[in-house]
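Q: My questions concern the predicted model and sequence given below.
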Amino acid sequence: MYFLDKAKSIEDQIIAWRRDIHMHPELGFEETRTAKLVANALNEMGIEAEVGVGITGVVARIGEGRPAIGIRADMDALPIQEANDTPYKSQTPGVMHACGHDAHTAILLGVARILNEMPDRPAGEIRLLFQPSEEKWDAEGKSGATRMIDDNALEDLDAVIALHISSVNDNATFEIVEGFALAAVDTFYATIFGEGTHGATPHQGIDPIYIQAQVINAIQGIRARRLDPTRGSVITVGGVHGGSAPNVIPDKVEMMGTIRSFDEETRTQIHEELERAFGVARALGGDYTLKIERGYPAMYNDPSVAQLLYEVAKDNMGADRVHHGVPMMGAEDFAYMTQKAPGAMFMLGAKLDEKHRPHHSPVFDINEDSFKYGAAVLADTACRLLKKYAR
């Protein structure tokens, strides 16, 4: 139990790091203060830190040579006004760590200290990947993971691992999925065009609101009647905007939504079917434009890495706290990293209390008691992977 005992001994420091980061949240590609905190903490441990990787990311190495194992933590916050009243609440108006990235960063700093002070650490390199901007893309459509990959932060890795905190899973529990764990995400934006007229004389125009209702029906039919029902997917219309007065039929209606899928065949088919669904607009005398933005790919947990994480979690947390999960429709840019090297991400339960505190909400918060378990599992797994891939 070296790893858990060591994590317990530095638990207060991990919590202090998390609270500092939580109080000073920064949006994607703006994490300069967070990166400086990370680099300073690593330097104090005697670990050299490379800053400015992937724009505002930090990379550090413990050990050298092969094999090489990566551990990733994302650092960015969200544009949300925090509603919690805690000693560590956000001090930045309109910005909040509402997805647990503050905890991810603090836990990885704890992992760094555990591994750096380990007297008999296996030979090879542990690469610490403090990633910016998981939550958004830059002007070129790239997130923090792709920017770090572009800067060669993942070159020559034999495996890469990560955790994601969960505010809804029971505290101090572990959950992992083998294979596809999180969905690919795409976003669509559309405009349906008609001909505006007086609301009392609809026959003198072409009503885009009526047309969009038929288009939405067609979109709902894609999942029900056009796709293989054994393959998971979701199409959600998240916004419909049109009209400005009760007695005016507008000349256009704007729509937007999200697409989730696990395999590329289904992903491509949904894009094609959306074009057909919006084609209803032309059949009814209107017209449309449709733009589909491809987002993160589906995240695939390598079964062998996922199984090792599962076994390590049982050793460090107890079998009663460790579970196999099911795929979810959320998305993660860690998926790009698992395309570069075999990898897996697990969910670390950190439910705080009986209040519902979902991710991306103003009342999000987590139980800090869970942090030591996350640090122990990541550190132990990294060492076992070094032994597994030893040449």
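A: Arrived safely, thanks for sending.

Q: contacts, neighbours, all on C-alpha from now
A: Noted.

Q: In which helix or strand does the closest residue to residue 299 other than its chain neighbours reside?
A: Nearest residue to residue 299, sequence neighbours excluded (C-alpha to C-alpha, 6 or more residues apart in numbering): residue 335, at 4.1 Å. Following DSSP states H and E, one finds residue 335 within helix 334-340.

Q: pull the CA atoms of that helix into PDB?
A: What follows is helix 334-340, C-alpha atoms only, in PDB (Å, rounded to 0.1, in the frame of the first residue of the first chain):
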ATOM      1  CA  PHE A 334      -8.300  12.900 -24.200                       C
ATOM      2  CA  ALA A 335      -9.700  10.800 -27.100                       C
ATOM      3  CA  TYR A 336      -7.000  12.400 -29.300                       C
ATOM      4  CA  MET A 337      -4.300  11.200 -26.900                       C
ATOM      5  CA  THR A 338      -5.600   7.600 -26.900                       C
ATOM      6  CA  GLN A 339      -5.300   7.700 -30.600                       C
ATOM      7  CA  LYS A 340      -1.500   8.500 -30.200                       C
END
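
Q: Just checking: what are the partner strands of the helix or strand just after that helix?
A: Downstream of helix 334-340, the first helix or strand assigned by DSSP H and E is strand 343-349. According to DSSP bridges, strand 343-349 forms sheet pairs with strand 159-166 (parallel), strand 174-176 (antiparallel).

Q: So what's the gap between the helix holding residue 335 and the chain middle?
A: Mean-position distance between helix 334-340 and its chain equals 12 Å (C-alpha atoms, centre = their mean, to the nearest Å).

Q: Kindly report the same for stretch 249-256.
A: Centroid displacement of stretch 249-256 relative to its chain, using C-alpha atoms, centre = their mean, is 32 Å.

Q: Shouldn't residue 313 be within a helix?
A: Yes: judged by DSSP: H, G, I helix; E, B strand; the rest coil, residue 313 forms part of a helix.

Q: Averaged pLDDT, the helix or strand containing residue 106. What do you get?
A: Assigned by DSSP H and E, residue 106 belongs to helix 101-116. The average pLDDT within helix 101-116 is 98.

Q: cool, stretch 38-48 as well?
A: pLDDT averaged over stretch 38-48 gives 98.

Q: Enumerate the positions of it that are buried.
A: In terms of neighbour count (16 or more other C-alpha atoms under 10 Å), stretch 38-48 has its buried residues at 38-39, 41-42, 47.

Q: Assumed residue 17 was part of a helix.
A: Yes: counting by three-state DSSP, residue 17 is located in a helix.
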